[in-house]
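Participant: Show me the folded form of this:
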Amino acid sequence: MRVEFDYDGGGISKGGTASLFIDGEKAGQGRVEHTVGILFASDETVNVGQDSGTVVTDAYPSTSENGFTGSINWVQLDVDEAADDADHYLDPAERLRIVLGRH
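Facilitator: Numbering: from 1, shown residues only. As a prediction, the model looks like this:
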């Protein structure tokens, strides 16, 4: 399984297209209108197989009841070279817009 996120760019907290691939074949695709701009809660971590922090959606039962029970052989995170650009630098007005949650 592989997930690709094609970020719209043009600054922080913008949207993009997420695509899910299974065995190299695209299995689904969806639009993410906004990404998290700056802050994550201190109790959020990178989880694989079970989310031990805040759930993504209330449509799922609690994390203790909803863990992945299969095998995960490896996890690989790749950052595209497009991430090297400087469009994520923010002026004070943009920082305030994001902190206030105004998209």
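Participant: contacts, neighbours, all on C-alpha from now
Facilitator: OK.
Participant: how about the strands in this protein?
Facilitator: Assigned by DSSP state E, the strands in the chain fall at 2-7, 16-22, 25-32.
Participant: Between those, which one is closest to residue 80.
Facilitator: strand 2-7 (9.7 Å; C-alpha to C-alpha).
Participant: What helices and strands are in contact with that closest one?
Facilitator: Using 3 or more C-alpha pairs under 8 Å, 6 or more residues apart in numbering; DSSP states H and E as the contact criterion, the elements in contact with strand 2-7 are strand 16-22.
Participant: Please identify the buried residues of the lowest-mean-pLDDT helix or strand in the chain?
Facilitator: Each helix and strand of the chain was given a mean pLDDT (mean pLDDT, DSSP states H and E); the minimum falls on helix 92-99 at a mean of 76. Of the residues in helix 92-99, those with enough neighbours to count as buried (16 or more other C-alpha atoms under 10 Å) are residue 98.
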